[in-house]
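> sequence-free structure coming up:
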Ligand code: B1M
């Protein structure tokens, strides 16, 4: 039987109309032209001056709209990230979305003891290995700001651990031009050469400007390095509503976008056509505790809005967050907040979605939380795929067979069920649907415990294809360099 | 005499107009500036701080009250007498070398100011030498160091060492804070105190100077 497909709709979240998009964009441009910004990197300042910006005082810059237009035109609309074996696993474009972990958690919930403790290099290794084994996690970040690495080279050490424990793409942090250069060297060793890395980049650098409107020298140094070497980079500032930015979300977005556009302009001046992942971090400063929230609806809302702005205007792939929480344990709050951000990020088609698995507003990382999020992404993916409508799925023949069949006929026994159930249903692995008795018999475990067991299983069983001894030796040499 | 009820209410509400009027009224009625400050403003601000730590009000409300108090103190300034105690103490504060985070440090500064301390805020990325230099100049009672990165925590230790070397360590109390910082780390690096948030920074500062 030939099936005729009915044109499908895939669930999609929209939160801004075109008028709102344009209004926020012009507010951002007004910030660039009228308010201006502080550029502390002399080289970047010179580039901006030469390109037609006005500078007042030592380093206060005002930027004409034309430069923004040029930069938006020259930046690539698609960024392809590859895994370390050269497969294109993350084409950041259109409606594609990819999830991964976050960077510098100060603490980790120990998988053996359940206690929160300072994170270590071993944790960076474990998180990378877990990511390697989870089918819905697409890239690794360190999840650890290790207490046991030489402090001036923390970011190089965690990078080396990730390289040893996963072959997926890596989003990396650096502090200065010095450590990004070392990270770059390691990355080149992994793929064989600078050209190979340029052709098939598997790293993306995550740098941050400072809201409001401040561009420190070391941050720009990294940005320019990446632009010149064509390493994909993002530069979200901390334009958190009520902290770095106005409390009202429209203003916080306008500021964050203005800051991103400045980053983009400098980046394109330094390396025309180099890949730049767009998007600020617009969370909120909590008005009681004064933490920057990693579980609030505002952050999800502003990145959904940014996705709309991308579709209407910018056309560049975007940076986002999800799967994190302000809860201190992986409890019901953690589940609720993680799911909220995961499903909304997917429904708005954010492209690169980080911070999965953070507890305690980004201070603590949890292997169990990442494992749970993997399943929540699967659940969201199922929802986001929408409903396939065609002859086969309408199942009129099966309906007729069962309705007119022998007494006691049920769909469960029909071939149509056998043929389709794998795709037609979401089949959870960790979310428990067992009957009470069997749940009790298998230990009455809650989701946290089940995730703990699953994470331990993956860590012990996951076979990460090892790097060659040559590469490993090269890494050691780079680590020993002072 | 004056019970400063209306003034206290205005400070609690963050109603600066009414508060200024009330301060003027009290001055006109013969209250001394010191009395208005201590029995009126600071007492009211203590109530505000208390409500905040109990979670009854939000940060912007507390900050508005602090601002109101500040404006009132400015109005009182010319009326203070020689020997009046108008400041709880001098605090020199900054984010240490290599660290650019300042929102938490700014909040700590504002809360300390609201509680009656005089603040010199050096900003972010402040090297040990600068703390030493400014300590000589400002002669603070307390030095506050903030760090949000594990990688910049050692700069706190270096700053304290530098103060030690310059022979200034014994003349000041040192409070440290910021997300990765702990009580234990404070002891380890020979700081006097650690505060997990802005509210407790005020309490710790007061405790260090033996005031309430
Ligand atoms: C003197 O006595 C005292 C007493 C108490 C004191 C005190 C002093 N100082 C603070 N306190 C205490 O009282 C305050 C008020 O109650 C509290 O202050 P807090 O600062 O904790 O609270 C503030 C009111 C609100 N909180 C904040 O402002 C910090 C929020 C988070 C999200 C954060 C932000 C906003 C930023 N960041 Co950064 N940032 C993160 C933070 C993650 C998080 N959720 O906490 C953290 C701190 N950052 C981190 C990192 C890694 C980085 N950041 C960087 C940059 C930035 C922004 C510029 C984007 C921005 C700062 C803007 C600014 N003007 O400050 C980079 C470093 C830049 C640098 N050299 O400093 C960069 C390296 C990231 C990068 N890709 O480059 C992580 C640090 C990990 C670690 N253990 O070292 C981090 C925990 C996020 C994470 N999980 O990865 C208490 O700590």
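Perfect, I can see it now. Note that the structure is predicted; figures quoted are calculated from it, not measured.
> three-state assignment of whichever residue of chain A sits closest to chain B?
Nearest to chain B, among the residues of chain A, is residue A:287, at 4.1 Å (CB to the nearest CB). For glycine as for every other residue, the C-beta is placed from the backbone atoms N, C-alpha and C. At residue A:287, secondary structure determined by DSSP: H, G, I helix; E, B strand; the rest coil is coil.
> and it, how far from residue A:26?
29 Å (CB to CB, to the nearest Å).
> equivalent analysis for residue B:126, please.
38 Å.
> name the residue in these two with the higher neighbour count.
residue B:126 (23 against 12; other CB atoms under 10 Å in any protein chain shown).
> what residue ranges in chain B score low on pLDDT?
B:1-2, B:212 (pLDDT under 70).
> so what's residue A:102 up against?
Listed by CB atoms under 8 Å, 6 or more residues apart in numbering or on different chains, the contact set of residue A:102 reads A:141, A:143, A:321, A:324, A:354, A:355, A:356, A:357, A:358, A:362, A:365.
> the same query, at a cut-off of 6 Å, please.
Each residue near residue A:102 by CB atoms under 6 Å, 6 or more residues apart in numbering or on different chains is listed here: A:141, A:354, A:355, A:358.
> need the residues of chain A near chain B, please.
For chain A, the residues in contact with chain B (CB under 6 Å from any CB of the partner chain) are A:106, A:145, A:151, A:154, A:210, A:243, A:287, A:288, A:290.
> can you say which of those are buried?
For the residues of chain A next to chain B, a burial check counting by 16 or more other CB atoms under 10 Å in any protein chain shown picks out A:106, A:145, A:151, A:154, A:210, A:243, A:290.
> name the nearest residue to the residue in the stretch 201-350 of chain A that the ligand sits nearest to, sequence neighbours excluded.
Residue nearest to the ligand within the stretch 201-350 of chain A: residue A:238 (3.2 Å; CB to the nearest ligand atom). Nearest residue to residue A:238 in three dimensions, chain neighbours excluded: residue A:244, at 4.7 Å (CB to CB, 6 or more residues apart in numbering or on different chains).
> from the structure, what's the count of residues near the one you found?
Neighbours of residue A:244 (other CB under 10 Å): 27.
> check what pLDDT it gets.
Residue A:244 carries a pLDDT value of 92.
> phi, psi for it please.
Per-residue torsions, residue A:244: phi -70, psi -10 (degrees, to the nearest 10).
> same check on residue B:156?
Given degrees, to the nearest 10, the pair of backbone angles that residue B:156 has is phi -70, psi -50.
> distance of the nearest residue to it once chain neighbours are set aside relative to residue B:108?
Excluding the flanking residues, the one nearest residue B:156 by CB to CB, 6+ apart is residue B:145, at 4.9 Å. Distance, residue B:145 to residue B:108, by CB to CB: 10 Å.
> more neighbours, those two?
Between residue B:145 and residue B:108, residue B:145 has the larger neighbour count (other CB under 10 Å), namely 30 against 27.
> mind giving me the domain ranges of the chain?
No chain was given, so I picked chain A. For chain A, the structural domains run A:73-384+A:470-480, A:395-424, going by automatic domain parsing.
> the chain in question should be chain B.
According to automatic domain parsing, the ranges for chain B are B:5-79, B:90-209.
> to residue A:334, which of those lies closest?
Among the domains of chain B, domain B:90-209 comes nearest to residue A:334, with 19.2 Å by CB to CB.
> say whether the ligand is contacted by that closest one.
Yes - shown here: domain B:90-209 in contact with the ligand (CB under 6 Å from any ligand atom) through B:93, B:98-105, B:107-108, B:144-146, B:148-151, B:175-180, B:195, B:197-198, B:201.
> what about stretch B:190-199, start to end distance?
This stretch, stretch B:190-199, spans 22 Å end to end (CA to CA, to the nearest Å).
> check stretch A:341-359 too.
Using CA to CA, the end-to-end distance of stretch A:341-359 comes to 14 Å.
> pretty sure residue B:178 is touching residue B:147, no?
Yes - with contacts counted by CB atoms under 6 Å, residue B:178 reaches residue B:147, the gap being 4.5 Å.
> more neighbours: which of these two?
Applying other CB under 10 Å to residue B:178 and residue B:147 shows that residue B:147 carries more neighbours, namely 27 against 24.
> and the contacts of stretch A:380-397?
So stretch A:380-397 is contacted by A:3, A:4, A:5, A:6, A:9, A:10, A:11, A:342, A:343, A:346, A:416, A:426 (CB under 6 Å, 6+ apart).
> got those residues as CSV, with neighbour count, pLDDT and secondary structure columns?
Listed next are the contacts of stretch A:380-397 as CSV, based on neighbours: other CB atoms under 10 Å in any protein chain shown; pLDDT from 0 to 100; DSSP: H, G, I helix; E, B strand; the rest coil:
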residue, neighbour count, pLDDT, secondary structure
A:3, 11, 54, coil
A:4, 10, 72, coil
A:5, 11, 77, strand
A:6, 13, 83, coil
A:9, 9, 90, coil
A:10, 12, 91, coil
A:11, 13, 93, coil
A:342, 26, 98, helix
A:343, 21, 98, helix
A:346, 24, 98, helix
A:416, 17, 96, helix
A:426, 14, 96, coil
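> just the helices from chain B, written as ranges.
For chain B, the helices defined by DSSP state H occupy B:5-13, B:16-28, B:33-35, B:43-53, B:59-76, B:103-114, B:128-138, B:153-165, B:183-188, B:198-209.
> between the longest one and helix B:43-53, how big is the angle?
Counting by axes from the mean of the first three to the mean of the last three CA atoms, to 10 degrees, helix B:59-76 lies at 170 degrees to helix B:43-53.
> same check on the last one?
Note on geometry: by the same axes, to 10 degrees, helix B:198-209 and helix B:43-53 are set 130 degrees apart in direction.
> so helix B:198-209, near chain A or not?
No - counting by CB under 6 Å from any CB, no contacts exist between helix B:198-209 and chain A, the nearest distance being 7.0 Å.
> off-centre distance for that helix?
8 Å (CA atoms, centre = their mean, to the nearest Å).
> what comes into contact with that helix?
B:53, B:89, B:107-108, B:111-112, B:115, B:141-142, B:173, B:175, B:192-193, B:195.
> how about 8 Å then?
A:290, B:49, B:52-53, B:88-89, B:91, B:104, B:107-108, B:110-112, B:114-115, B:117, B:141-142, B:144, B:173, B:175, B:177, B:192-195, B:212.
> ok so residue A:61 is a strand residue?
Yes - secondary structure of residue A:61 (three-state DSSP): part of a strand.
> give me the neighbour count for it.
Neighbour tally, residue A:61, other CB under 10 Å: 22.
> can you check the one 5 residues further on too?
Residues near residue A:66, counting by other CB under 10 Å, number 10.
> host element of it?
helix A:65-74 (DSSP states H and E).
> repeat for residue A:108
strand A:107-109.
> how many residues are close by residue A:369?
29.
> could you do residue A:118 as well?
Neighbours of residue A:118 (other CB under 10 Å): 17.
> what bridges to it?
residue A:107 (DSSP bridges).
> what residues does chain B have near chain A?
With CB under 8 Å from any CB of the partner chain as the criterion, chain B comes near chain A at residues B:55, B:58-60, B:100, B:103-104, B:107, B:149-151, B:154, B:179-180, B:197-198.
> 6 Å - rerun?
Those residues of chain B that sit near chain A, judged by CB under 6 Å from any CB, are B:55, B:58, B:59, B:100, B:103, B:150, B:151, B:180.
> include neighbour count when you put the residues you listed into a markdown table, please.
A markdown table is the format used below for the residues of chain B next to chain A (neighbours: other CB atoms under 10 Å in any protein chain shown):
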| residue | neighbour count |
| --- | --- |
| B:55 | 9 |
| B:58 | 14 |
| B:59 | 20 |
| B:100 | 17 |
| B:103 | 19 |
| B:150 | 21 |
| B:151 | 20 |
| B:180 | 19 |
